[in-house]
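Chemist: below is the structure, and that's it, no one-letter string:
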C-alpha cells in the first residue's frame, strides 16, 4: 500500500506517523514544499517576544527523525497537480525538477498561506507575515535592530499576540489597524472592547473601521502605511489579516468558497481514496453538524491521527469541533468555545445569554481575580451553546469545562450541579463556572 501525503506539518506528519507505526509494511511518502517539517507555529510570537530565545525548541521533530522511522520525506518539494483517475501527483523541487508520484491513498495536508492583498507598495522591505520559523527570525531581527514604529494590520489572534511581543521588546510604538469595528472579532463586542482597553494601557494605538490602501518607502524599505483615514510612520509592518487554504492545485475536488477541502467525519473527500486534514480542510462542527473551516492546531493533530486510522480501515468519526481557543493579551486572558451571541444570532437560533462576574477563588485567600463569563444557551431546553471568558488570571483554563459541557449536550442546570473540585486557593465552594450556569434562567 502506497500512501502519499502532501504537507509535512502537524496534520500530515501525524497521519504519516500513525500509519507507519500501525502498519510498518506500508510505503509512506511525504512531500513538503518548505525545508521544515513538524513545528509548532503557535510558539512563533513567543520567539519574537524574546520569551523563548531558541528557535529550535519550536521544532517538534526534524525530517531525519521521521526518515529513521521508515517515512520517506521530500523537503523543498511542492505538489503542482493531481490526476485523480491515474492516482498520480505531479510535484516540483529545486533539486529534482518535476516529478510524478503515484499513490493508493492520498492525504492532502497542505495548510494555509497568509492573505496578502494587492496593496500598493506591498513588495517593500520590512513588510512581513508571521507564518514560518524564518518569518519569526526575520521579524525579531528587524525589531532588535531598530526598536522602531511597528504597525500591525489585523486585530485577530496573531495580530494581538504580535502586539504583545512588540511591547515586550520595547519598540518605539505599536499600532493596530483593523478593518472591522472591533478587534478579536470572533468574540462578542464587550470582549473586543476589553482587549482594546488592555492594549491602550500599554500605549498601543488600536484603530478599528480603518482600511489600508498602501505603503510608502525609501531605499526599498517601508517607512509609512497609508489608510483611508491617515498616514502613519512604520519601520516594520506585520500583515495578519487571515489565511487562504493551499488548495489551488487540487482541481475539481469539493471545496468551500474559501478553498478549504470539504471532508466527512472520517476525513474523506469527494474523490475516492483521497483524504484531507489540517488547515486546508474542513472539520465537522459539533453544533451545526456541518463542515466548517476552523484552522487550529488542535484540530489538525486530531485529523491527522484519525485519517491515519481511517486509511488503515478503522471506523472513525471526528464531529466534535467547537473552535475552542485561548489567548493572553498582556495582563488579560480570553477564551471561547462554541457559539458567541453574534454567531447564534446570525444562525437564527432561539437563544438567551447570561453574563456574570465571579471570583477565581475564595476571597479570603490572597489575590482572587475577577472572572467574567458569558454564556449562550438554548432558550427552551437550556442546553449550553457557547461560552466566553475573560479575566486577569485563572480564567482561560475554565473554558475547557464549558467545551466538555457543550460536547456532552449539557444543560445549564446540569453544569451548575456538576461535582467540581473545591479548595480555597483554587475555587469557591461554587466555582465561577457553576455561578454562571446557575444564573442562566
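Modeler: Yes, it's here. It should be emphasised that the depicted structure is a prediction, and the values quoted were computed from it without experimental measurement.

Chemist: number of nearby residues for residue 160?
Modeler: Close neighbours of residue 160, defined as other Cβ atoms under 10 Å, add up to 27. Any C-beta I mention is one placed from the backbone N, CA and C, and that applies to glycine too.

Chemist: check which helices and strands the host helix or strand of it is in contact with.
Modeler: Element membership for residue 160 (DSSP states H and E) is helix 157-168. Counting contacts by 3 or more Cβ pairs under 8 Å, 6 or more residues apart in numbering; DSSP states H and E, helix 157-168 packs against helix 44-49, strand 149-153, strand 173-178, helix 189-201, strand 325-329.

Chemist: repeat the analysis, applying 6 Å as the threshold.
Modeler: Applying 3 or more Cβ pairs under 6 Å, 6 or more residues apart in numbering; DSSP states H and E, we find helix 157-168 packed against helix 44-49, strand 149-153, strand 173-178, strand 325-329.

Chemist: which residues in this structure form helices?
Modeler: 10-22, 44-49, 63-68, 133-146, 157-168, 189-201, 297-311, 341-346, 399-407, 412-416, 432-439 (DSSP state H).

Chemist: all strands of the stretch 251-400 of the chain, in order?
Modeler: With DSSP state E, counting those that start in this stretch as the criterion, the stretch 251-400 of the chain has strands at 274-276, 283-284, 291-292, 325-329, 332-338, 351-359, 370-378, 384-391.

Chemist: for the nearest residue to residue 159 once chain neighbours are set aside, give its distance to residue 183.
Modeler: Of all residues not flanking residue 159 in the chain, residue 240 sits nearest, at 4.0 Å (Cβ to Cβ, 6 or more residues apart in numbering). According to Cβ to Cβ, to the nearest Å, residue 240 and residue 183 sit 11 Å apart.

Chemist: give me the number of residues near residue 262?
Modeler: 17.

Chemist: I'd say it and residue 293 touch.
Modeler: No: Residue 262 is beyond contact range of residue 293, at 9.7 Å (criterion: Cβ atoms under 6 Å).

Chemist: intersection of neighbour lists for the two?
Modeler: Common neighbours of residue 262 and residue 293 (criterion: Cβ atoms under 6 Å, 6 or more residues apart in numbering): residue 282.

Chemist: report the contact partners of the spatially closest residue to residue 438 that is not a sequence neighbour.
Modeler: Spatial nearest neighbour of residue 438, excluding adjacent residues (Cβ to Cβ, 6+ apart): residue 416 at 4.0 Å. Contacts here follow Cβ under 6 Å, 6+ apart; on that basis residue 416 touches 434, 437, 438.

Chemist: contacts for stretch 236-250?
Modeler: Applying Cβ under 6 Å, 6+ apart, the contact partners of stretch 236-250 are 79-82, 110-115, 126-129, 142, 150-154, 158-159, 162, 222, 225, 259-261, 280.

Chemist: next: stretch 352-371.
Modeler: 341, 372-377, 379, 391-395, 424-428, 432, 435-436, 439-440.

Chemist: hang on, the earlier thing: with mean pLDDT and mean neighbour count added, can I get the helices and strands packed on helix 157-168 in TSV?
Modeler: Listed next are those as TSV, based on pLDDT from 0 to 100; neighbours: other Cβ atoms under 10 Å:
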stretch	mean pLDDT	mean neighbour count
helix 44-49	97	22
strand 149-153	98	25
strand 173-178	98	22
strand 325-329	96	18
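
Chemist: want to throw the ones you listed into CSV with distance to residue 358?
Modeler: Formatted as CSV, the helices and strands packed on helix 157-168 follow (distance: least, Cβ to Cβ, whole Å):
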stretch, distance to residue 358
helix 44-49, 30
strand 149-153, 33
strand 173-178, 30
strand 325-329, 19
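
Chemist: for residue 39, see how far away the most centrally placed residue in the chain is.
Modeler: Nearest to the mean C-alpha position of the chain, by Cα atoms, centre = their mean, lies residue 296 at 3.7 Å. From residue 296 across to residue 39, the span is 16 Å (Cβ to Cβ).

Chemist: kindly report the same for residue 151.
Modeler: 27 Å.

Chemist: hmm, residue 405 is touching residue 415, no?
Modeler: Yes: counting by Cβ under 6 Å, residue 415 is a contact partner of residue 405 at 4.8 Å.

Chemist: the more surrounded of those two?
Modeler: Applying other Cβ under 10 Å to residue 405 and residue 415 shows that residue 415 carries more neighbours, namely 26 against 23.

Chemist: nearest to residue 202, out of the strands of the stretch 251-400 of the chain?
Modeler: strand 325-329 (9.4 Å; Cβ to Cβ).

Chemist: can you give me how far stretch 204-216 is from the chain middle?
Modeler: Put simply, stretch 204-216 sits 23 Å off its chain's centre (Cα atoms, centre = their mean, to the nearest Å).

Chemist: neighbouring contacts of it?
Modeler: By Cβ under 6 Å, 6+ apart, stretch 204-216 touches 119-121, 124, 153, 163, 174-179, 181-182, 196, 199, 222-229.

Chemist: next one: stretch 428-441
Modeler: Contacts with stretch 428-441, where a contact means Cβ under 6 Å, 6+ apart, come from 354, 356, 358, 362, 371, 373, 375, 377, 398, 401, 412, 415-416, 420, 422.

Chemist: what count of nearby residues applies to residue 401?
Modeler: 19.

Chemist: give the buried residues for the worst-scoring helix or strand of the chain on mean pLDDT.
Modeler: Lowest by mean pLDDT, DSSP states H and E among the helices and strands of the chain is helix 63-68, with a mean of 93. Within helix 63-68, the residues scored as buried using 16 or more other Cβ atoms under 10 Å are 63, 66.

Chemist: who's in contact with residue 397?
Modeler: Counted by Cβ under 6 Å, 6+ apart, residue 397 has zero contacts.

Chemist: how far away is it from residue 297?
Modeler: Residue 397 is 18 Å from residue 297, by Cβ to Cβ.

Chemist: and what of residue 355?
Modeler: Distance of residue 355 to residue 297, computed by Cβ to Cβ: 29 Å.

Chemist: same question for residue 218.
Modeler: On the measure of Cβ to Cβ, residue 218 and residue 297 end up 39 Å apart.

Chemist: who has more neighbours out of those two?
Modeler: Higher neighbour count among residue 218 and residue 297: residue 297, with 15 against 9, using other Cβ under 10 Å.

Chemist: residue most distant from the centroid, this structure?
Modeler: Outermost residue of the chain (Cα atoms, centre = their mean): residue 364, 38.0 Å.

Chemist: give me the distance between that residue and residue 436.
Modeler: Taken as Cβ to Cβ, the span from residue 364 to residue 436 is 22 Å.

Chemist: got it, and residue 407?
Modeler: Applying Cβ to Cβ to residue 407 and residue 436 gives a distance of 17 Å.

Chemist: and residue 235, by the same measure?
Modeler: 44 Å.
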